[in-house]
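[1] this is a predicted model, with the sequence first.
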Amino acid sequence: MTVKPTILQELPADLEREKLPRHVAVIMDGNGRWAQRQGQPRIMGHRRGADVLKELLRCCQDWGIQALTVYSFSTENWRRPMEEVNFLMTLFERFLRQQLRELVAEDVRIRFVGDLAALPLSLQAELERAMEATRQNKGIRFTMAQNYGGRQDILQAVRTIATQVQHGQIQPEDIDEAVFERHLYTAGVCDPDLLIRTSGEMRISNFLLWQVAYAEIYVTETLWPDFDRSEFHQALRAFQQRDRRFGMVKN
Ligand code: FPP
């Protein structure tokens with residue numbers, strides 16, 4: 001089953017280019033429910049979800065979004081049935097193998113964040129290959145959070161900084177937000193301006209806890225496998241109507 005690209009290739013006229021989020025993060029939820037509603041096994045939802053992700057990446061490129069980060073596998077997802085976890089690992093691997101040439105050609109810079117060392121070795125090899133092959137690319141920054149947990153991200157940064165303090169490389173009073181951020185997995189990419197969650201759940205689910213401090217949150221009832229360009233258009237429209245004050249008072 002493939003996802004048909006919809007007609008909205010150009011930035012829709014009711015969106016202001018200069019008010020687009022620079023970085024969009026997505027919690028792609030609802031694959032299992034989508035499949036079950038179609039009377040199919042859950043894995044079919046993941047398979048379709050991968051096609052939808054590809055289409056969203058292309059849409060972000062078409063419309064001029066600079067960075068896209070998606071939650072593709074959380075540290076908690078290991079608790080799923082073994083067959084589903086295995087299917088997902090194989091799907092990620094296959095996705096990368098099939099997409100890499102296109103990602104390179106389209107100037108996408110891909111990165112994986114999370115505890116990658118715990119992933120199957122063959123998948124780790126694909127992740128490395130994809131990161132290496134796109135390292136010099138200058139287009140959209142595409143990040144997949146793979147075996148990622150926001151708390152774990154913060155903890156690994158704390159551990160690194162604590163070790164530096166122990167070795168006298170940094171003084172505790174020099175640790176500020178900028179220093180801290182440099183040690184998060186996501187270092188080098190600006191914080192998300194917009195966080196989208198599909199399937200109606202009002203949770204952050206341990207995604208980018210530090211990084212979404214000022215993100216606008218958009219939740220849609222639509223299940224991830226049905227999230228298309230017109231849904232993304234709606235999310236961006238809602239974003240552009242928000243009043244972002246970052247704790248300040250409006251003049
Ligand atoms: C949540 O749906 C989705 C996931 C845990 C995995 C995300 C994976 C994909 C979107 C597809 C794979 C992507 C690539 C790039 C190969 P769920 O299973 O929790 O849905 P449910 O809440 O309805 O059970």
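    Here it is on my side, so go on. Residues are numbered from 1 along each chain as shown.
[2] you'd agree Ala13 is in a strand?
    No: counting by DSSP: H, G, I helix; E, B strand; the rest coil, Ala13 is located in no strand; its state is coil.
[3] now it. Its backbone dihedrals?
    Main-chain torsions, Ala13, degrees, to the nearest 10: phi -60, psi -30.
[4] dump the residue contacts of the closest residue in space to Gln234 that isn't next to it in sequence.
    The shortest distance from Gln234 to any residue that is not its chain neighbour, by Cβ to Cβ, 6 or more residues apart in numbering, is 7.4 Å, and that residue is Thr220. In short, each C-beta sits where N, CA and C put it, glycine included. Under the criterion of Cβ atoms under 8 Å, 6 or more residues apart in numbering, the neighbours of Thr220 are Ile196, Arg197, Thr198, Ser199, Gly200, Phe227, Glu231, Gln234, Ala235.
[5] switch the cut-off to 7 Å
    In this structure, Thr220 makes contact with Thr198, Glu231, Ala235, judged by Cβ atoms under 7 Å, 6 or more residues apart in numbering.
[6] can you confirm Ala145 is in a helix?
    No: counting by three-state DSSP, Ala145 is located in no helix; its state is strand.
[7] which residues does it contact?
    The contact partners of Ala145, by Cβ under 7 Å, 6+ apart, come to Thr69, Val70, Tyr71, Ser72, Val113, Gly114, Phe207.
[8] Tyr214: which of the contacts of Thr220 is nearest?
    Using Cβ to Cβ, Ala235 is the member of the contacts of Thr220 that lies nearest Tyr214, at 17.0 Å.
[9] tell me the pLDDT at the closest one?
    The predicted structure scores Ala235 at 98 on the pLDDT scale.
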